[in-house]
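Student: could you look at this predicted model? Sequence included:
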Amino acid sequence: MKISNIAHTIIAIGLMALTSCSSKEKKEATIVKDTAINVTVAMPTGSGNETRHFSGQVVAAQTVNISTRLMGYITKLTVKVGDYVSKGQVLGTISNSDILAKRGQADAMISEANAALANAKKDYDRFTVLYKQQSASAKELDNATLQFNAVKAKADAAKEIRNEVNAMLEYTTLVSPFSGIITQKFIDAGNMANPGMPIVAIEQNDSYELSASVPELDINAIKTGESVVVIIKSANKSFQGTVTQINPSSQYSGGQYIIKVSIPEEEKKGLYAGMYANLSLTKPNTNKSEMDKVLVPIACIINKDDLTGLFTVSANNTALLRWVRLGQTNGANVEVISGLERNEQFIVSSEGKLYNGATVIVKK
């Protein structure tokens, strides 16, 4: 009986150990899965295709600084940075008591001119009738006509003065030209506004696009309508954009040509103007001498002491640091002489810090 009890005890302990080990393995597997890092991979260029990499920023398609043509104190400013405003909404007002006084003067001038015009019209009509009855001379009719025209001109001038005052009065009310978001406030209520001085800046809502700088050597390879791979690390976004505009001049952009790339509507959520983006354009390689080279973005290279490397994805879906030997730099790319084959994928970007052996999930 004692031997039988001992045997049962040993079996029970063994089952508990197996259950514990199995539970531990499941827990560790769950932890590994939960901590997997999302990565984006790419193939080296030079093997039939050529990829060019550019840096860009998220910008609003339309941005405007609201200012005034008048000098005066800001009596009211009802918006602050971050406020959403609709088209035609009043943003603030500027003191207009002096302009209202001028409009009152213009109204008085119009009343006086209209009275004089009515009197001149009566004289003109009377002398016209008398002239037809041969009771007034042609000279008298000419004088009445000239008087009527002169008074009429004064009345028209008074009306134009009032139109000018009304136009000036419109500049004392700051109105939003389109729906958008207040991105900057340059001055507060109570301060003096000067002609042309910006008061607030408005950015059109949901009109984001990408603006990228392209060097002279690459600008001829880009055409309107081409697809571009866009990676915005700060927003954890990766998508396809389309080249919508190419600026043909680099005179005011430091020798760089500015291109605009559209952002799909479903990708605009979570974006803010000023976010940095990496853009990649892949096209068939037309330079046969470059087709056999293995090129990777310089941004993917890791330097440690005197060694250089980049991360690849192993067969077990883990990050593998591959040490490579580099050659010449080609724009934003660098040639890999050894350590990476043309048909091997490497990690372009990740949503977490990579290390050797880290579990990764390749984003499709």
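Tutor: That came through fine.

Student: name the element residue 159 belongs to?
Tutor: Remark: residue 159 resides in helix 138-170, with elements defined by DSSP states H and E.

Student: state the mean pLDDT of that helix.
Tutor: The average of the pLDDT scores along helix 138-170 is 90.

Student: kindly report the same for stretch 123-134.
Tutor: Stretch 123-134 comes out with an average pLDDT of 88.

Student: check which residues of that stretch are buried.
Tutor: 123-124, 127, 131 (16 or more other CB atoms under 10 Å). Yep, even glycine has a C-beta here, placed from its N, CA and C like the rest.

Student: burial count for residue 334?
Tutor: If you count neighbours by other CB atoms under 10 Å, residue 334 ends up with 22.

Student: tell me which residues are up against the host helix or strand of it.
Tutor: Residue 334 belongs to strand 333-338 when elements are defined using DSSP H and E. Identification of contacts with strand 333-338 by CB atoms under 8 Å, 6 or more residues apart in numbering yields 44-46, 51, 53, 293-298, 301, 324-329.

Student: if we use 10 Å, what do you get?
Tutor: Applying CB atoms under 10 Å, 6 or more residues apart in numbering, the contact partners of strand 333-338 are 44-46, 50-53, 290, 293-301, 308, 310, 322-329, 342, 344, 346.

Student: quick check: can you name the pairing partners of that strand and their directions?
Tutor: Strand 333-338 sits in its sheet next to strand 295-297 (antiparallel), strand 319-330 (antiparallel), going by DSSP bridges.

Student: buried residues in it, which are they?
Tutor: Neighbour count says strand 333-338 has 333-336 buried, by 16+ other CB under 10 Å.

Student: next, format these as JSON lines and append pLDDT and distance to residue 36.
Tutor: Formatted as JSON lines, those follow (pLDDT from 0 to 100; distance: CB to CB, whole Å):
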{"residue": "333", "pLDDT": "82", "distance to residue 36": "29"}
{"residue": "334", "pLDDT": "88", "distance to residue 36": "29"}
{"residue": "335", "pLDDT": "88", "distance to residue 36": "32"}
{"residue": "336", "pLDDT": "91", "distance to residue 36": "27"}
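
Student: just the C-alphas of stretch 42-61, formatted as PDB.
Tutor: The C-alpha atoms that make up stretch 42-61 are tabulated as PDB, following Å, rounded to 0.1, in the frame of the first residue of the first chain:
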ATOM      1  CA  ALA A  42      10.900  46.500 -49.300                       C
ATOM      2  CA  MET A  43      13.100  44.900 -52.000                       C
ATOM      3  CA  PRO A  44      16.500  46.400 -52.900                       C
ATOM      4  CA  THR A  45      16.500  48.600 -56.000                       C
ATOM      5  CA  GLY A  46      18.800  48.000 -59.000                       C
ATOM      6  CA  SER A  47      17.300  44.700 -60.000                       C
ATOM      7  CA  GLY A  48      15.100  46.000 -62.800                       C
ATOM      8  CA  ASN A  49      13.300  48.600 -60.700                       C
ATOM      9  CA  GLU A  50      14.600  51.900 -59.300                       C
ATOM     10  CA  THR A  51      13.200  53.400 -56.100                       C
ATOM     11  CA  ARG A  52      13.700  57.100 -55.300                       C
ATOM     12  CA  HIS A  53      13.100  58.300 -51.700                       C
ATOM     13  CA  PHE A  54      12.100  61.800 -50.800                       C
ATOM     14  CA  SER A  55      11.200  63.600 -47.600                       C
ATOM     15  CA  GLY A  56       8.000  65.600 -47.300                       C
ATOM     16  CA  GLN A  57       5.500  67.200 -44.900                       C
ATOM     17  CA  VAL A  58       1.700  67.200 -44.500                       C
ATOM     18  CA  VAL A  59       0.400  70.600 -45.500                       C
ATOM     19  CA  ALA A  60      -3.100  72.100 -45.900                       C
ATOM     20  CA  ALA A  61      -4.200  72.700 -49.500                       C
END
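
Student: chain center to it, what's the gap?
Tutor: From the chain centre to the centre of stretch 42-61 is a distance of 19 Å (CA atoms, centre = their mean, to the nearest Å).

Student: can you give me the helices in this protein?
Tutor: 2-34, 97-132, 138-170 (DSSP state H).

Student: I'd like to know which of the contacts of strand 333-338 are buried.
Tutor: When those are checked for burial by 16+ other CB under 10 Å, the buried set is 44-46, 50-53, 293-297, 300, 308, 310, 322, 324, 326, 342, 346.

Student: just to revisit the earlier point, let's have the strands paired with strand 333-338 in CSV, adding mean pLDDT and distance to residue 151.
Tutor: Shown next, in CSV, are those (pLDDT from 0 to 100; distance: least, CB to CB, whole Å):
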stretch, mean pLDDT, distance to residue 151
strand 295-297, 87, 80
strand 319-330, 89, 81
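
Student: out of these, flag the one nearest residue 191.
Tutor: Judged by CB to CB, the one of those that comes nearest to residue 191 is strand 295-297, at 48.5 Å.
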